[in-house]
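1. pasting the sequence and the predicted coordinates here, then a few questions.
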Amino acid sequence: DCCTACDFQLMVSGTPVIDVADWKSSTVYTDGLAPESDVVSWFWTIVQAMDQAEQAALLHFVTGSSRAPADGFTQLMGYGGNQTRFTLGLVSAGHPERLPTAATC
């Protein structure tokens, strides 16, 4: 008895329940951002205020998957199956009206 069908689905697809605290604690900050930065604080305040469907939509936008990794955000996979961390960083180029962007690879 290796695993049940539910266990297998969880391993392959991830979990639909998004643990924002885990997501936040597993995040890497670059390009002048730090966990205590105002922008970072605002970001996580907004994410925590979202309902589950909105969090899933955001997660899909930034990772390409609406489900969290079964073993937590430290196990997030990037393009090609490489383990990577969710990263927040500043983009210095562009106009002040520039919308947020995401890269999934």
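-> Right, received. Where do you want to start?
2. list the residues that contact the nearest residue to residue 85 once chain neighbours are set aside.
-> Nearest-residue entry for residue 85: residue 28, 4.4 Å, with adjacent residues in sequence omitted and distances by C-beta to C-beta, 6 or more residues apart in numbering. C-betas here are computed from N, CA, C, even on glycine. When the contact criterion is C-beta atoms under 8 Å, 6 or more residues apart in numbering, the partners of residue 28 are 85-88.
3. what's across from residue 28 in the sheet?
-> Listed by DSSP bridges, the beta-bridge partners for residue 28 are residue 87.
4. rewinding a little: could the contacts of residue 28 go into JSON lines alongside pLDDT, neighbour count and distance to residue 60?
-> Output for the contacts of residue 28, formatted as JSON lines (pLDDT from 0 to 100; neighbours: other C-beta atoms under 10 Å; distance: C-beta to C-beta, whole Å):
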{"residue": "85", "pLDDT": "86", "neighbour count": "13", "distance to residue 60": "18"}
{"residue": "86", "pLDDT": "88", "neighbour count": "16", "distance to residue 60": "13"}
{"residue": "87", "pLDDT": "89", "neighbour count": "14", "distance to residue 60": "17"}
{"residue": "88", "pLDDT": "89", "neighbour count": "19", "distance to residue 60": "17"}
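5. now for the residues you listed, which pair is the farthest apart?
-> Of all pairs drawn from these, the widest gap by C-beta to C-beta lies between 85 and 88 and measures 10.1 Å.
6. quick check: neighbours shared by these two?
-> Residues touching both residue 85 and residue 88 (C-beta under 8 Å, 6+ apart) are 27-28.
7. state the distance from the residue nearest to residue 85 to residue 55.
-> Going from residue 28 to residue 55 by C-beta to C-beta, to the nearest Å gives 19 Å.
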